[in-house]
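Student: need coordinates for the following:
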Amino acid sequence: VGDRLTSSSKPGVAMRATIAATACGALLAACASGPDLARLDLIRALESSRRGRTVLEEASRDADPLVRRAACHALGALGDPLGARALVERVHDPVLGVVHAAIEELGSLTDADATATTTLLEALERPDASTRLLAARALGFRRAASAREPLLVMAAGDGVPAVRAAAATALGTLGSARSG
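Tutor: From the prediction side, this is the model:
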């Protein structure tokens, strides 16, 4: 179900795309107790379809952390700011790999609302250094001016050199956004 199907001017193509997306949701539900790889493959197929966003949002709450992580990446690949809500939820996931995927993808959704930026700012305070590093990068990608002060503090005083470097790089991005 690619965007090429929904953008076609042929009669019935959009309806078929909608039916296909619905069928994908049914397939995901049907294989909920099936093999993990089948669910992962289905999520990867859905990432090429804007109509799959709703299904991917549901998959981001799957019991399997690999499915949740793949759903986060697929939501980011869609580039639809409406998918940010599910990613914000996953920043609070108990599995660090899912948290990291959600943070990375929130950084790519530069048109997402302020809740995404607020969530990333909160992630700068996490005890895990890799989470702080990814949050700093994501804020830089988003060119979030509200992150300037927290990133300055992080660049000057975080105990992990790689996190300080990520914060400094993000600040450089914010500086070029202001002057450019």
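Student: where exactly do the helices run in this structure?
Tutor: Assignment of helices within the chain using DSSP state H yields the ranges 3-6, 13-30, 36-46, 53-59, 65-78, 84-90, 96-108, 114-123, 129-142, 148-157, 161-179.
Student: could you dump the ones you listed into CSV and include mean pLDDT and mean neighbour count?
Tutor: In this view, the C-beta of every residue, glycine as well, is placed from N, C-alpha and C. Below are these laid out as CSV (pLDDT from 0 to 100; neighbours: other CB atoms under 10 Å):
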stretch, mean pLDDT, mean neighbour count
helix 3-6, 34, 15
helix 13-30, 52, 16
helix 36-46, 67, 18
helix 53-59, 86, 21
helix 65-78, 90, 24
helix 84-90, 96, 21
helix 96-108, 96, 23
helix 114-123, 95, 19
helix 129-142, 97, 24
helix 148-157, 96, 16
helix 161-179, 85, 16
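Student: grab the nearest non-local neighbour of the residue nearest to the spatial centre of the chain.
Tutor: By CA atoms, centre = their mean, the chain has its centre lying nearest to Glu105, at 2.8 Å. Leaving out its chain neighbours, the residue that sits closest to Glu105 by CB to CB, 6 or more residues apart in numbering is Gly76, at 2.8 Å.
Student: got the contact list for that neighbour?
Tutor: 83, 87, 101, 104-106, 108-109 (CB atoms under 8 Å, 6 or more residues apart in numbering).
Student: likewise Ala156?
Tutor: Counting by CB under 8 Å, 6+ apart, Ala156 has contacts Arg164.
Student: gap between it and Leu134?
Tutor: 19 Å (CB to CB, to the nearest Å).
Student: next: Leu66.
Tutor: As judged by CB to CB, Leu66 and Leu134 stand 18 Å apart.
Student: repeat for Ala71
Tutor: 17 Å.
Student: repeat for Val99
Tutor: Counting by CB to CB, the gap from Val99 to Leu134 is 9 Å.
Student: which neighbours do those two have in common?
Tutor: In terms of CB under 8 Å, 6+ apart, Val99 and Leu134 are both contacted by the residues Ala123.
Student: I'd assumed Leu133 was in contact with Ala166.
Tutor: Yes. Between Ala166 and Leu133 there is a contact under CB atoms under 8 Å: 4.6 Å.
Student: can you pull the contacts of Gly97?
Tutor: Gly97 sits next to 65, 69 when contact means CB under 8 Å, 6+ apart.
Student: same thing with Ala136?
Tutor: Residues in contact with Ala136 (CB under 8 Å, 6+ apart) are 124, 151, 154, 163, 166-167, 169-170.
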